[in-house]
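Peer 1: sequence plus the predicted model coming up.
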There are 2 protein chains.
Amino acid sequence: MADNSVFVGNKNFMNYVTAVVMQFTTKEAKEVTIKARGKFISRAVDVAEVATKRFLDGQVEVKGIEIDSEEFQNNEGKDVRVSTIEITLTKKKE
Amino acid sequence: MADNSVFVGNKNFMNYVTAVVMQFTTKEAKEVTIKARGKFISRAVDVAEVATKRFLDGQVEVKGIEIDSEEFQNNEGKDVRVSTIEITLTKKKE
């Protein structure tokens, strides 16, 4: 993706970790943003923790975390609110 | 609690929202920290969003969010890692 973001859903956990790590290594990204909604928020935090502590320890750190809500209408036309998270990781300065 | 923190687990969702709102209203706290581990992280974000946007809109905002990992041994003596989150809410300046 052009904007270096990884959207976490219900695929295999390591897919997301690998996507984040690859952005920093082979694609030489300076920053990567991990995004998720609803129940996948816990998973996005796991991805950030495993990527920064197990794979990129000492090289990448959490720059900032934003939470927000999105409102939309479900199939029955009811208003539904869902929480979102964006975790931005950045390369550490040498 | 003396340190104004609310630990989110598997009780009824509104219990946690009410606990946060009460800290700011009846107990006049300046800051409240919402904490959770593992799968309850998504829920902690929901609690923060509902408390700040539905109940304390315009009065309270997110001051900062920290994520981390805890390591412990499970019943079989295996090392297990679990992610944690701490969302700190603060009263807005008038």
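Peer 2: Great, that's in hand.
Peer 1: C-alpha from now on. contacts and neighbour counts both.
Peer 2: OK.
Peer 1: now do the SS call for the residue nearest to the spatial centre of chain A.
Peer 2: Nearest to the mean C-alpha position of chain A, counting by Cα atoms, centre = their mean, stands A:Ile34 at 1.4 Å. The local conformation at A:Ile34, judged by DSSP: H, G, I helix; E, B strand; the rest coil, is strand.
Peer 1: again, but for A:Val62
Peer 2: The three-state label for A:Val62, taken from three-state DSSP, comes out as strand.
Peer 1: I'd guess A:Val50 is in a helix, am I close?
Peer 2: Yes: using three-state DSSP, the secondary structure at A:Val50 is a helix.
Peer 1: any idea how many residues pack against the closest residue to it other than its chain neighbours?
Peer 2: Of all residues beyond its chain neighbours, the one nearest A:Val50 is A:Val17 (7.1 Å), with distances taken as Cα to Cα, 6 or more residues apart in numbering or on different chains. Residues contacting A:Val17 under the criterion other Cα atoms under 10 Å in any protein chain shown number 22.
Peer 1: mind pulling up the pLDDT for A:Val17?
Peer 2: For A:Val17, the pLDDT comes out at 98.
Peer 1: shouldn't it be within a helix?
Peer 2: Yes: A:Val17 sits within a helix when classified using three-state DSSP.
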